[in-house]
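Enquirer: Turn this into a structure:
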Amino acid sequence: MRISRTRSLVTLGLAVAMASAATAAESRHVYILLIDGLDARRLTDQATPTLWALSHQGTLRATFYSAARAAMPSVTNTNHAAIMTAAYSAANGIVGNSFWDRDPAPAPVSTESAQYLEVETLFTVIEKERPALVTAGLFGKSKLANLFSVVPDQQRAPDVLWGDAASESEAIDARVGFASDQRTMDEVVRTIEQRQPDFMFAALPDVDRTSHIFGPDSAPAHNALSEADRQVGRLIAFLQQRESWSRTVLMITADHGFASVEPNRAEGRPYPLVLFGRELLRAGFTDLVPVATGAVESIALASGSRAKTQRRRWPADGPGSRACVGAAGSGRGVVPRSKSGRRRGRVHPGARAPRLAPRASAHR
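Expert: As a prediction, this is how the structure comes out:
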């Protein structure tokens, strides 16, 4: 099995704006379709003909945002929340797929719950400000539906909230792949036919799920990418047959990209890059604690450390950023409070608040 990880790479940002001749009195529809794990660099005219045509040569009035970037950390929950709150993780509260509580706990806490959102989602704003509008959230990863569920006095759910329960236990056939993209698009089409939502956020999961298992450069991952592209084409063809097509804005995006991290000496990776702690030791940082949460390692200052502010360079022959900055370990870290007032440090229970991080360009 190949090792892969998410990275803050170029992700797809594509807006297909249909005819704008509609009058102000006519209802408009805004649909966001997210392809989980889709890296825009993997788009080609052969692998993804639909997306390629939209972004390069199609007759539709599409705008391609080639410089789109994932929010950090570049993982699923963080970027789903960023899209639906228009806020970075430092503000919206979803700092990763999981976090370590400051109080000792046996395992990280999953962030797939609306209770951890610190700001209102678009669903909440619409339900409060324009309750007559119909909203929908459809997720191939059923657990993500929890991120946009009801929290009394905090968050409101969309009028239609659906998660593909089959995806939680579905086995994969290496030849044909997962089938959640198909089921999710079935639900998207059904929801549009039956409810005609004014605003909809839908996410296809199979590129991400397949890439995690087989690696982003594998044949199954390429097949999953082609299938996602086919589902995009299916949605566009369906929408074009509807009277509301001229009043519809379709946005196609991703939450993060992928890159293989399996050892490859020819590319300067003598061992998996996920072993970030080894790079820290080679650079002389002995008081730092790498804490892995899924595909991302956070860096915390070890309890009791007396490290001073410092700037050091990575070994010239090592991967990673050219430099990183360590802040002084002067005592208790500043830990944000949740709405309930409980402090959530999102770090290892035996470490202080995070003090060091590589440059943003470290893993380009």
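Enquirer: from here on, contacts and neighbour counts on C-alpha atoms
Expert: OK.
Enquirer: Could you say which helix or strand holds residue 200?
Expert: strand 199-204 (DSSP states H and E).
Enquirer: Quick check: can you name the pairing partners of that strand and their directions?
Expert: strand 29-35 (parallel), strand 135-139 (parallel) (DSSP bridges).
Enquirer: list the helices and strands the helix or strand just after it packs on?
Expert: Downstream of strand 199-204, the next assigned helix or strand under DSSP H and E is helix 206-214. With contacts taken as 3 or more C-alpha pairs under 8 Å, 6 or more residues apart in numbering; DSSP states H and E, helix 206-214 sits against strand 4-7, helix 219-240.
Enquirer: Try it again at 6 Å.
Expert: Here helix 206-214 touches helix 219-240, going by 3 or more C-alpha pairs under 6 Å, 6 or more residues apart in numbering; DSSP states H and E.
Enquirer: starting at the chain centroid, how far to the strand holding residue 200?
Expert: The chain centre lies 13 Å from the centre of strand 199-204; the measure is C-alpha atoms, centre = their mean, to the nearest Å.
Enquirer: by how many degrees do it and helix 219-240 diverge?
Expert: 150 degrees (axes from the mean of the first three to the mean of the last three C-alpha atoms, to 10 degrees).
Enquirer: C-alpha coordinates for strand 199-204, CSV please?
Expert: Extracted as CSV, the C-alpha positions of strand 199-204 are listed here (Å, rounded to 0.1, in the frame of the first residue of the first chain):
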residue,chain,number,x,y,z
PHE,A,199,-28.4,26.9,-2.1
MET,A,200,-26.7,23.5,-2.1
PHE,A,201,-23.3,22.2,-0.9
ALA,A,202,-22.5,18.6,-2.1
ALA,A,203,-19.2,16.6,-1.7
LEU,A,204,-18.0,13.6,-3.7
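Enquirer: For it, buried residues please.
Expert: The neighbour-count check on strand 199-204 (16 or more other C-alpha atoms under 10 Å) flags 199, 200, 201, 202, 203, 204 as buried.
Enquirer: Closest to residue 301 out of those residues?
Expert: Each of these was scored against residue 301 by C-alpha to C-alpha, and residue 203 proved nearest at 36.3 Å.
Enquirer: Report how many residues lie close to the nearest residue to the closest one once chain neighbours are set aside.
Expert: Counting by C-alpha to C-alpha, 6 or more residues apart in numbering, residue 203 lies nearest to residue 34, which is 4.5 Å off, once chain neighbours are set aside. Residue 34 sits with 22 neighbouring residues when counted by other C-alpha atoms under 10 Å.
Enquirer: ok, residue 172 - contacts?
Expert: Residue 172 makes contact with residue 178, according to C-alpha atoms under 6 Å, 6 or more residues apart in numbering.
Enquirer: And it, how far from residue 43?
Expert: For residue 172, the distance to residue 43 (C-alpha to C-alpha, to the nearest Å) stands at 24 Å.
Enquirer: Enumerate the beta-bridge partners assigned to the residue nearest to residue 203.
Expert: With DSSP bridges as the rule, residue 34 is bridged to residue 203, residue 253.
Enquirer: what residues are up against it?
Expert: By C-alpha under 6 Å, 6+ apart, the contact set of residue 34 is 203, 252, 253, 254.
Enquirer: Need the pLDDT of residue 194.
Expert: If you check residue 194, the pLDDT there is 97.
Enquirer: so where's the stretch 51-200 of the chain shaky on pLDDT?
Expert: Along the stretch 51-200 of the chain, segments meeting pLDDT under 70 span 58, 61, 101-106.
Enquirer: repeat that for 90
Expert: Applying pLDDT under 90 to the stretch 51-200 of the chain flags residues 55-70, 72-74, 95-110, 168-177.
Enquirer: Would you quantify the distance from residue 243 to residue 158?
Expert: 24 Å.
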